[in-house]
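# Fold the following.
(one chain, ligands or ions: 1)
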Amino acid sequence: MAGWKKIVRTICVIAALTVGFATGFEQQKRAGARYLAGARARIKVNAVDLPLFRAFPSLADKITRVKILDWPTKLKSLSRLEDALYEEQGLSAPERPRLWVKRDDVSDSLYGGNKARKLEFLIADAIESGATTLVTSGMYGSNHALATAAVARAFGFKSTLILGPQPVTPDVRRKLLTFRALGAEMRFHSGKVGMGIDIEKYAMLGAWPRLTGIYNIPPGGSNELSGLGYANAFFELVEQTGMDGLPERIVVPAGSLGTAAGLLVGSCLAGAWERVRIDAVQVADPMFTNEMALRAQAQDVYDFIRGKLSKADRAKLPKCDFGRSGRALKFTTAYYEPGYGAATPQVHDAIKLVKDVEYITVEITYSGKAMTYFLDEARRAIKERGTTPRTLFWLTYDSYDLEKVIETRQWSHPEMKWLDLPKDFWPLFKD
Ligand SMILES: Cc1ncc(COP(=O)(O)O)c(C=O)c1O
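Model prediction:
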């Protein structure tokens with residue numbers, strides 16, 4: 001008899017937990033739905049006017065986007081920088097400009113940089129999924145986490161950020177305060193294992209957005225869908241330069257790989273395959289950020305796009321060998337050390353040079369390392385051949401005004417704002 005009682009009690013506890021769990025989510029979902037109703041009225045969901053969709057119109061039947069970025073972003077020559085590089089070697093530039101920058105950091109949008117191009121597709125998908133909370137992950141100073149929290153607020157979603165360890169700098173602290181000011185739920189992790197488990201947990205919950213309210217965005221925001229952002233960006237570049245004016249090389253930082261993978265796919269779809277080399281500069285853990293993973297991600301994006309096309313559009317789709325081509329991709333590992341979020345004196349010098357000469361802001365974790373590679377390659381070419389290949393630096397960093405956002409919150413202790421963060425984060429603010 002005692003055995004039966006135990007079984008009945010266990011069943012009751014499981015049932016109560018299940019109902020509580022489901023209603024909790026149901027309440028969260030209802031609250032979120034109200035929140036979304038207002039925001040959605042302002043949302044423009046369309047895909048048709050993108051250059052990629054003009055080339056493959058049937059994509060617009062299957063894929064939607066919200067507008068975040070004002071494109072085309074500016075394409076600028078780096079003539080002053082070029083002069084400075086020649087002057088370093090006592091030369092003057094024979095023919096310029098041969099160095100350019102694509103300024104994804106400058107747009108009148110809510111949030112620029114490379115995250116905006118990815119989030120345009122992810123947010124549209126999240127809206128369609130019925131979710132109310134965007135969940136994503138990154139290191140304490142993650143630009144992707146920042147972009148997600150900013151965009152979530154603008155589109156009426158709640159946000160949850162799973163945050164893991166990286167070297168703590170003043171910029172990282174400012175980001176953490178900004179996450180709070182943007183209203184994000186912040187989940188602290190001191191180690192990568194615990195962080196990985198948390199990511200998996202939310203990935204599982206994200207499989208049922210209508211039940212859980214959760215839309216899961218992978219680290220760095222890179223997947224097959226968001227890959228369309230930079231595939232389209234390549235078409236945007238072609239519209240600006242024409243096929244004949246395309247650069248020989250495009251330099252980008254490689255973290256979660258979506259930016260470089262998207263550009264590779266874009267160059268294939270635009271028929272520029274192997275005429276433009278994507279120089280991807282590794283800036284994150286080689287376990288995930290490596291050449292094989294980048295080539296595989298490009299293939300996934302390509303297959304995803306192919307799967308969405310009508311028969312007629314599919315017939316005009318160029319075929320490209322993402323697995324092998326050495327002329328379409330160069331993957332550089334030499335600029336990662338001393339590790340994620342830390343930089344050598346050379347990176348600091350590169351950051352200062354482009355700031356002084358071109359008034360461009362790059363940072364140590366991503367764009368500063370890619371810029372160091374860009375400068376090294378230009379210097380080497382000038383020394384060896386007296387000129388540089390026509391090279392484009394794709395600026396993926398948005399120097400978003402963190403202070404302005406931080407000041408929007410009523411902090412309970414304005415002198416020690418960090419006291420408003422979850423307790424686990426407090427040690428990161430002590431010297
Ligand atoms: C400024 C900046 N550039 C480049 C990257 C890397 O892009 P991806 O993750 O698409 O490789 C990131 C990623 O967070 C970033 O914040």
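# Near the ligand, which residues of the stretch 251-400 of the chain? Just list them.
Neighbours of the ligand within the stretch 251-400 of the chain, by C-beta under 6 Å from any ligand atom: 253-260, 366-367, 396-397. Any C-beta I mention is one placed from the backbone N, CA and C, and that applies to glycine too.
# Any chance of JSON lines for those residues, columns neighbour count?
Putting these into JSON lines (neighbours: other C-beta atoms under 10 Å) gives the following:
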{"residue": "Pro253", "neighbour count": "28"}
{"residue": "Ala254", "neighbour count": "29"}
{"residue": "Gly255", "neighbour count": "29"}
{"residue": "Ser256", "neighbour count": "23"}
{"residue": "Leu257", "neighbour count": "27"}
{"residue": "Gly258", "neighbour count": "30"}
{"residue": "Thr259", "neighbour count": "31"}
{"residue": "Ala260", "neighbour count": "33"}
{"residue": "Tyr366", "neighbour count": "24"}
{"residue": "Ser367", "neighbour count": "33"}
{"residue": "Thr396", "neighbour count": "24"}
{"residue": "Tyr397", "neighbour count": "23"}
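# Now, those residues that are in strands?
Residues of those located in strands (DSSP state E): 253-254.
# Need the max-distance pair from the residues of the stretch 251-400 of the chain next to the ligand.
Greatest spacing in these, by C-beta to C-beta: Leu257 and Tyr397 (16.6 Å).
# for the ligand, what are the nearby residues on the stretch 51-200 of the chain?
113-114, 143-144.
# out of the residues you listed, who's nearest Ile217?
Distances from Ile217 to those, taken by C-beta to C-beta, are shortest for His144, at 8.2 Å.
# what's the pLDDT at that closest one?
The per-residue pLDDT reported for His144 equals 96.
# I'd guess it is in a strand, am I close?
No: using DSSP: H, G, I helix; E, B strand; the rest coil, the assignment for His144 is helix, not a strand.
# need the contact list for it.
By C-beta atoms under 8 Å, 6 or more residues apart in numbering, the residues touching His144 are 115, 136, 138, 219-221, 256.
# likewise Gly266?
52, 230-235 are the contacts of Gly266 under C-beta under 8 Å, 6+ apart.
# Among those, which ones are in helices?
Of these, the ones assigned to helices by DSSP state H are 52, 230-235.
# quick one: Ile360 and Asp401, what's the gap?
Distance of Ile360 to Asp401, given as C-beta to C-beta, to the nearest Å: 16 Å.
# Looking at the two, which is more packed in?
Neighbours were counted for Ile360 and for Asp401 using other C-beta atoms under 10 Å; Ile360 has more, 23 against 10.
# contacting residues around that one?
When contacts are counted by C-beta under 8 Å, 6+ apart, Ile360 touches 101, 103, 105, 354, 395.
# Kindly report the same for Arg153.
Listed by C-beta under 8 Å, 6+ apart, the contact partners of Arg153 are 159, 182-183.
# hang on, it in a helix?
Yes: under three-state DSSP, Arg153 sits within a helix.
# which residue sits closest to Gln273, ignoring its sequence neighbours?
Careful, residue 273 is Trp and not Gln. With C-beta to C-beta, 6 or more residues apart in numbering as the criterion, Trp273 has its nearest non-adjacent residue at 5.0 Å, and that residue is Cys320.
# and the one you found, that's in a helix?
No: Cys320 sits outside any helix when classified using three-state DSSP, being coil.
# can you count the residues close to it?
So Cys320, with other C-beta under 10 Å, has 20 neighbours.
# ok, now how distant is it from Leu264?
To Leu264, Cys320 is 8 Å away according to C-beta to C-beta.
# Pick out the residue closest to the middle of the chain.
Nearest residue to the geometric centre of the chain (C-alpha atoms, centre = their mean): Lys115, 3.5 Å.
# so it is in which element?
Lys115 belongs to helix 113-129 when assigned by DSSP states H and E.
# avg pLDDT for that helix?
Per-residue scores along helix 113-129 average to 94.
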